[in-house]
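Chemist: Here is a sequence with its predicted model. Questions after.
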Amino acid sequence: MSGVLLALLLSALDQTIVSTAMPRIIADLGGLNYYSWVFTAYLLTSTASMPVFGKLSDLYGRRQFMLLGAVVFLAASALCGVAHSMPFLVVMRGVQGLGGGAMMVNAFSIVGDLYPPAKRGKWQGLTSTTFGLASVVGPALGGYLTDNLSWRWVFYVNLPIGAIALIVILLTLPAHAGSGRRYAIDYLGVSTMVAAIVPLLLTFVWAGDLFAWFSAPFFGLLALGLTAGAGFLWIESRAAEPILPLNLFRNRLYSGGVAIMFLSGMAIFGVSVYIPLFMISVLGSSATGAGIATIPMSVSMSLASTIAGLIISRTGRYKVHLICSAILMVAGFLLLSRMSLQTTTLDVYRNVIIAGLGTGALMPIVTIVIQNSVPYQLLGTVTSSIQFFRSIGQTIGVAIFGSIVVTRLETEIPRQLTPDLIAPLSPAAVNLVRNPRTWLSSVLPEQLQRELAGATVHGQSLLVAVPHALRDAFSSSLHDVFLIGGALSVIIVLVVLTLHEVPLRKSNLEGVILSSSHDEGVIAAPALALSADDGGGD
């Protein structure tokens, strides 16, 4: 299990470690419009590959696909480290995601292969702890490596850890022969899913940059994505083994819970990616300081998740906790949206802790609600779909928020840098000042330093006035991101209020599968609440 946990740590770590290095990467490679795609590419490919690798490992065994995922991940990490352009980095992050998806889905499956249900709970707890560790360590480690070595070491650090994981897996992980059952792998469903998601993402990433909002290219890409999405739904309704069984959505608790997971993934991941950018570009923090600022959110999420689980296990009630968690999430994001140049580091810590407490309790409770709403026979299907929709929400959130930040900066920077303010500067210095990359680097170009220090406007040194104006531009741009996160949280509250509470089951044997004609879909009885005797479920 040690090799499996190391591989899982690598996969989870790469979703968080890059965030604090991104401002320095942009300063070095350029391409601010690609900011969100460094995260989006990884999330997109890892999400799309999970159901495929899951079924392939069921058929042919876990070990070889775990090893394949690790090798692909490490090779892509090395290539990310030598990247000299943003498009190349984005492509390699996509390849990295393929390996990460294979490692993640097989790690959870291997726990089930190695341990019976009665002994599985503690190992599933360890896998959850691994994710929590990645959330806490990733941003801080990324900031430390960026400040003291280079942003390239954010990717190189994977190599020694991955090599150890590979050796341990080769030496200790027993071969798993597979079930022997022939699966009808839904390759067409996966293909149309990707064909739908990519144009939709491009619509929001490129809008306001490569083409105008609500222009012909905007509606063209949107139509392409929606058409592919309709094709995906048609294929899934007829597939022998769909990656997403559509009849599940007839269950109101399932559909409501999935909506919450999608929206919360979109809000919390999309916003948390930009906390380090706020720390660096608005508060002038180092990459290490920006990484540390994300730790309170991760800790509060883990703490809230643990406490919520204990309370629900004792009481068997969950709706009041869902409502309180969603309200805390709204409060946290609204506080984040009020941050400005006057915000202190302690203010940021307070805001992310409140947002983390709401989100940390919300997601595990919703997972229990969804699992409880279906028969035990569908536990694996619904659990994987939860991760799927959460990942899709994360992917779309990062893409949309990235487009918003870039679009707002293009209008805010000229508005803040008035002609009177930059009049004393040379044309070359003006170009440097107007380039966001200049203000994401820890060291200003020497020419710009000299001109800013030597020129004055109305008696005020440009060395103070210009950075202040740029910080204000970044603050205004990020304000919209945090405000949209708050709006998504309000929608989550409304969805939570529509959910009816069903008593949590004390046995896996209480649910049976009914025909799809039932008005609640496939559900006959409240479905799943894993008892202590089950050890965490099968």
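Modeler: Arrived safely, thanks for sending.

Chemist: Leaving out the residues flanking it, which one is nearest to S237?
Modeler: Closest residue to S237 apart from its sequence neighbours, by Cβ to Cβ, 6 or more residues apart in numbering: L246 at 5.4 Å. Where C-beta positions appear, they are placed from N, C-alpha and C, glycine not excepted.

Chemist: Correct me if wrong: the one you found contacts R238.
Modeler: No. Between L246 and R238 there is no contact, the gap being 9.9 Å when judged by Cβ atoms under 8 Å.

Chemist: neighbour count winner among those two?
Modeler: Counted by other Cβ atoms under 10 Å, L246 and R238 do not tie: L246 has more neighbours, with 15 against 10.

Chemist: Let me see the contact set for that one.
Modeler: Taking Cβ atoms under 8 Å, 6 or more residues apart in numbering, we find L246 in contact with 233, 236-237.

Chemist: Just the buried residues out of those residues, in ChimeraX syntax.
Modeler: This is the ChimeraX syntax for the buried subset of those, where burial follows 16 or more other Cβ atoms under 10 Å:
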select :236
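
Chemist: Could you dump the contacts of L246 into CSV and include secondary structure?
Modeler: As requested, the contacts of L246 are exported to CSV (DSSP: H, G, I helix; E, B strand; the rest coil):
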residue, secondary structure
L233, helix
E236, helix
S237, coil
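
Chemist: Closest to W206 out of the contacts of L246?
Modeler: Nearest to W206 among those: L233, at 25.1 Å, using Cβ to Cβ.

Chemist: I'd like to check which residues are in contact with that closest one.
Modeler: L233 makes contacts with L246, as judged by Cβ under 8 Å, 6+ apart.

Chemist: now the helix or strand hosting V406: how far from the chain's centre is it?
Modeler: In the assignment (DSSP states H and E), V406 maps to helix 379-416. Remark: helix 379-416 is offset 8 Å from the chain centroid, using Cα atoms, centre = their mean, to the nearest Å.

Chemist: which parts of that helix are buried?
Modeler: Using 16+ other Cβ under 10 Å as the test for burial, helix 379-416 gives 379-410, 412-413, 416.

Chemist: what pLDDT, on average, does that helix get?
Modeler: Across helix 379-416, pLDDT averages out at 76.

Chemist: same deal with stretch 201-216?
Modeler: 75.

Chemist: Check stretch 338-355 too.
Modeler: Averaged over stretch 338-355, pLDDT sits at 91.

Chemist: One more: stretch 272-285?
Modeler: On average, the pLDDT along stretch 272-285 is 83.

Chemist: Can you get me a residue count around the residue nearest to S77 when sequence neighbours are not counted?
Modeler: Spatial nearest neighbour of S77, chain neighbours left out: N158 (4.1 Å); criterion: Cβ to Cβ, 6+ apart. When neighbours are counted by other Cβ under 10 Å, N158 registers 25.

Chemist: Tell me how far N158 lies from L32.
Modeler: Distance, N158 to L32, by Cβ to Cβ, to the nearest Å: 25 Å.

Chemist: tell me the secondary structure for N351?
Modeler: Strictly by three-state DSSP, N351 counts as helix.
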